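**Q** Kindly generate the corresponding structure for this input.
(one chain, ligands or ions: 1)
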Amino acid sequence: MSQKNPDQAEPDDSQPVVKTDAQWRKLLTAEQYRVTRQKGTERAFTGEYWNCTKEGVYRCVCCGAELFTSDTKFDSGCGWPSFYAPTDDKRIESAIDRSHGMVRTEVMCRRCGAHLGHVFNDGPRPTGLRYCINSASLKLEEKTPAPADSSDKRNAGKPKAEQPDAQKPKADKSAPKR
Ligand code: FE
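**A** Take a look at the predicted model:
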C-alpha cells in the first residue's frame, strides 16, 4: 500500500473541490469567475497565456489541479492557450456543448468543475487534439531554473557567452504552425 506523505505540497487530486457560488466569487477575479463558473470565454488574443512560452505547469485557477504543462503547449494561432494533451486525461472532464449554434466538446477540471475551454480534432501530433483553453482558467506555475551545480565546473570562470551551451537556443517544442 502506498503511503501518502502528509507534507506533500501537491493537494490530493482525487478529492473533489466543492465551493458555494459566493465562495468562488470571493476567490476569483470577475473574469476568472465568469469564465470558469459561468462557462464564459475570454476574448481571443487578450488572455495572459495565449502567447506565453514560459516553461512550467498550468494549474486550474480555481482548485490548483495540475492540468497542462508547457511541454504540450503549441502556437495554434487561435488567440487562446492551446495544448495537444492534458497532463493526465483523468484530470479533465468533457461534455457536449451545443451552445451558440455549434456542437463542441467542452472541457472542465474534473476536480472542481471549472470550465476550461473546448477540445477540437485539429491539433498537431501526437494526439491530433487541440485543447483550446481560456487563460482565465489557468495559473502558470513557472519552472524554476535548476541551480548551478558542480557538474558545470568545466566552464567555471569562463564568461557565459563562451560556454558551449549557453547561447544555444532551446529546442523548439512547439508544434509546426498551421
Ligand atoms: Fe479545478
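
**Q** Distance of residue 49 relative to the ion?
**A** Using CB to the ion, to the nearest Å, residue 49 is found at 16 Å from the ion. Where C-beta positions appear, they are placed from N, C-alpha and C, glycine not excepted.

**Q** That residue touches residue 137, doesn't it?
**A** No. Counting by CB atoms under 8 Å, residue 49 does not reach residue 137; the two are 9.7 Å apart.

**Q** more crowded one of the two?
**A** Legend: neighbour count by other CB atoms under 10 Å for residue 49 and residue 137, higher for residue 137 (28 against 22).

**Q** Tell me who's in contact with the more buried one.
**A** When contacts are counted by CB atoms under 8 Å, 6 or more residues apart in numbering, residue 137 touches 32, 35, 36, 60, 61, 62, 109, 114, 115, 116, 117.

**Q** where's it relative to residue 77, distance?
**A** 20 Å (CB to CB, to the nearest Å).

**Q** any idea of the mean pLDDT in stretch 68-85?
**A** The average pLDDT for stretch 68-85 rounds to 97.

**Q** Spell out the residue ranges of the strands in the chain.
**A** According to DSSP state E, the chain carries its strands in the segments 56-60, 66-69, 73-74, 82-83, 92-97, 104-109, 115-120, 130-133, 138-142.

**Q** possible to save these as CSV with mean neighbour count?
**A** Listed next are the strands of the chain as CSV, based on neighbours: other CB atoms under 10 Å:
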stretch, mean neighbour count
strand 56-60, 21
strand 66-69, 23
strand 73-74, 22
strand 82-83, 26
strand 92-97, 14
strand 104-109, 20
strand 115-120, 23
strand 130-133, 25
strand 138-142, 18
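
**Q** export those strands to a markdown table and tack on distance to residue 22?
**A** Below are these laid out as a markdown table (distance: least, CB to CB, whole Å):
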| stretch | distance to residue 22 |
| --- | --- |
| strand 56-60 | 19 |
| strand 66-69 | 25 |
| strand 73-74 | 33 |
| strand 82-83 | 31 |
| strand 92-97 | 23 |
| strand 104-109 | 19 |
| strand 115-120 | 18 |
| strand 130-133 | 26 |
| strand 138-142 | 21 |
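
**Q** With distance to the ion as added columns, please give these in TSV.
**A** Formatted as TSV, the strands of the chain follow (distance: least, CB to the ion, whole Å):
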stretch	distance to the ion
strand 56-60	3
strand 66-69	8
strand 73-74	18
strand 82-83	16
strand 92-97	10
strand 104-109	3
strand 115-120	8
strand 130-133	12
strand 138-142	10
